[in-house]
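Participant: I'd like to go over a predicted model; first the sequence, then the structure.
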Amino acid sequence: MYSFMGGGLFCAIVGNILLVVSTATDYWMQYRLSGNYAHQGLWRYCMSNKCYMQTDSIVYKVCTYGKRFFKGDMSISTCFLPAYWNATRAFMILSGMSCFAGIIAGIMSFARFSSFERFNRSFAAGILFFVSTFFVLLGMAIYTGVTVHFLGRRFGDWRFSWSYILGWVAMLMTFFAGIFYICAYRMCECRRGTGPR
């Protein structure tokens, strides 16, 4: 039981670090714009060694003057990109918070408190890690869909970058942390069920 909880705690801590790094850095997508390489994240985009915050005014300028920078026609859906970025940001932040809460519950599951007999902390930690996995999945799916369908068509030479990949790896780590803690809970329940009554 403790080996499952230890493995789950390790996966959760690594996953939470990856979530923070992925959310905070601005290498989610790299592309070539006007002959220069540029990259963007959830908070900033960088072109020609200068970084700018992703704000509504910049997206408005892109929507208004976009035909000069992008290939093809500008669609109205491109003008609503801040909503997609905000949704991805929110889901990534919620994921990090639920993963951190799961880590706290996971650490507490190593101790035995008599006042918490009816509340199984390893089960709660496992559920929190699955919630974190779900939030990362939603955030990454939204970002992937928007990038492939809207941004990817606008830029000629583009690719996902290392911050984006860290987000997917963090999702796997939080998922495995949830599996480990649910297995520890099941082992604890099996021992409790076969014990003397």
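Facilitator: Looks like it arrived, so ask away. Residues are numbered from 1 along each chain as shown.

Participant: quick one: buried residues of stretch 128-147?
Facilitator: 128-140, 142-144, 146-147 (16 or more other Cβ atoms under 10 Å). Just so you know, the C-beta spots here come from the backbone N, C-alpha and C atoms, and that holds for glycine as well.

Participant: those strands in the protein, which residues are they?
Facilitator: Along the chain, counting by DSSP state E, strands occupy 29-33, 36-40, 44-47, 50-53, 158-160.

Participant: Sort out for me which of the buried residues of stretch 128-147 are in helices.
Facilitator: Counting by DSSP state H, those place 128-140, 142-144, 146 in helices.

Participant: Mind jotting down where the helices sit in the chain?
Facilitator: 2-24, 56-65, 81-108, 121-146, 152-154, 162-194.

Participant: Please identify the deepest-packed of the ones you listed.
Facilitator: helix 121-146 (a mean of 22; mean count of other Cβ atoms under 10 Å).

Participant: between the helices of the chain, which has the poorest average model confidence?
Facilitator: Mean pLDDT is lowest for helix 56-65 among those, at a mean of 47.

Participant: show me what contacts residue 123?
Facilitator: Residues near residue 123 by Cβ atoms under 8 Å, 6 or more residues apart in numbering: 181-182, 185.

Participant: Report the separation between it and residue 82.
Facilitator: Distance, residue 123 to residue 82, using Cβ to Cβ, to the nearest Å: 38 Å.

Participant: From residue 140, how far off is residue 167?
Facilitator: 5 Å.

Participant: which stretch among the helices of the chain comes nearest residue 48?
Facilitator: For residue 48, the closest of the helices of the chain is helix 56-65, at 15.0 Å, according to Cβ to Cβ.

Participant: Residue 10 versus residue 45, what's the distance?
Facilitator: 34 Å.

Participant: any idea how far the most centrally placed residue in the chain is from residue 42?
Facilitator: Closest to where the C-alpha atoms of the chain average out (Cα atoms, centre = their mean) is residue 136, at 3.6 Å. Here residue 136 is placed at a distance of 13 Å from residue 42 (Cβ to Cβ).

Participant: Over to residue 143?
Facilitator: Look at residue 143 and residue 42: by Cβ to Cβ, they are 8 Å apart.

Participant: same check, this time on residue 187
Facilitator: For residue 187 relative to residue 42 (Cβ to Cβ), the value is 39 Å.
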